[in-house]
Structure formats: structure tokens, C-alpha cells
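Generate coordinates for the sequence data below:
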Amino acid sequence: MMKKIGIVVGSQRNGSYTHSIAKEFLHLVPQGYEAKIFDISQLPIYNQDYDDVGPLPQSYIDFRNEVEGTDAFIFATPEHNRSYTALIKNAIDVASRPYGENKWGGKPGAVVSVSPGSLGGFGANHHLRQVLTFIDVQPVQQPEVYIGGVLSLLDEEGNLNKEDTRALLKALLDTLIAKM
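Alright, predicted model coming up:
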């Protein structure tokens, strides 16, 4: 059976640098594994009333099933105000609720932060790792991946053009796969 890796991208902006980096994983997965970028852009903001009173949005049901059927995760986030994005937070909340029905738990995850700045989204990366630990996603510890100066790593079409960065992403993916 093919192992599935779900990629959660915290930016929906046209021309997103984070999305450009995340899509590189689609080309790096070895045979026997499947990688897919989740569409989290249409999830309504988490509201516990959907679970307690209803009706539950179909997008919640579909996303929870998708997360449950996935073996590992890659979270790719830009940095917004020294943290990860609301888009990722909402996806985490939707699939970790209601209490006791966490679909993320017990699975490995990797974090990639992306920034035009020199720190490479360091704050976002560590803040996200803290939340992943709480929802029982087992974060890959090494290599840590902070993609700083991303504008110099992408061509005009948004494709990664640096082999050393590609090698770092491959090393992260290999470590994630070893934990599956």
C-alpha cells in the first residue's frame, strides 16, 4: 500500500514563495510514496458549535477524513508577525477537534518555514513545532529547515533553482519517511 504524505501550505497568495518551496516535495518523493498538497483555503474558521450543534460543514468532514488517511505531514509556512499563519492554525484546529478525535495524532511531521528575510521564518517554525507537539504530531528534529532569502532561490516561474536547497528538502523528506 502506498504511504501518503500530506503537505499543508500556510499561504494562498498568488505567486506564494512558500507554495513554490512546498511543491518541490511533490518531485522529491520516492517510489512507494505519494505526496499531495492539501487545499485548506476553503475551510470555514473553526467553530466548536459545528461539532456540538451542527450542521458540520462538508469541508470539515472531507478534510478530517483526508488527514486521518494520511501517514505523515509536511507543514510549509511563511512567517506572519513571528508566527505561523492563521490558515495553518485553522487547519490544525479543524482536524484536531472535537476533543478526543484528533486526526493528526501519532503521526510524524516536518516543518519548513520560508521568508524573503534572512531569518528564514525562524519564529514561525518554532511556534508551529510547539503546537504540533501538543496535538501529538511527532516533529522531525533534524534537519531544521529555515528557507531565508527565498527570492534568490526561485526563478521567474517560481521554481526552485538551487541544488543545495533541494538537497536540504530531500534530507528532511528522507528523515520524515524514515519515521513513517
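
Got the phi and psi for residue 36?
Backbone torsions of residue 36, given as degrees, to the nearest 10, read phi -140, psi 140.

And for it, the neighbour number?
Neighbour count of residue 36, defined by other C-beta atoms under 10 Å: 14. Backbone N, C-alpha and C define where each C-beta goes, glycine included.

who's it bridged to?
Taking DSSP bridges as the rule, residue 36 bridges to residue 6.

give the contact list for it.
Residues in contact with residue 36 (C-beta atoms under 8 Å, 6 or more residues apart in numbering) are 4, 5, 6, 7, 26.

which among the residues you listed end up buried?
Those of the contacts of residue 36 that meet the buried threshold are 4, 5, 6, 7, by 16 or more other C-beta atoms under 10 Å.

burial count for the closest residue to the second one other than its chain neighbours?
Excluding the flanking residues, the one nearest residue 5 by C-beta to C-beta, 6 or more residues apart in numbering is residue 35, at 4.5 Å. For residue 35, the neighbour count with other C-beta under 10 Å is 20.

Surely residue 35 touches residue 25?
Yes - using C-beta atoms under 8 Å, residue 35 makes contact with residue 25 at a distance of 5.3 Å.

and for the two, which residues touch both?
Shared contacts of residue 35 and residue 25, defined by C-beta under 8 Å, 6+ apart, comprise 5, 7, 74.

Including distance to residue 137 and pLDDT, could those residues go into CSV?
Compiled in CSV, the shared contacts of residue 35 and residue 25 are given as follows (distance: C-beta to C-beta, whole Å; pLDDT from 0 to 100):
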residue, distance to residue 137, pLDDT
5, 13, 98
7, 14, 98
74, 11, 98
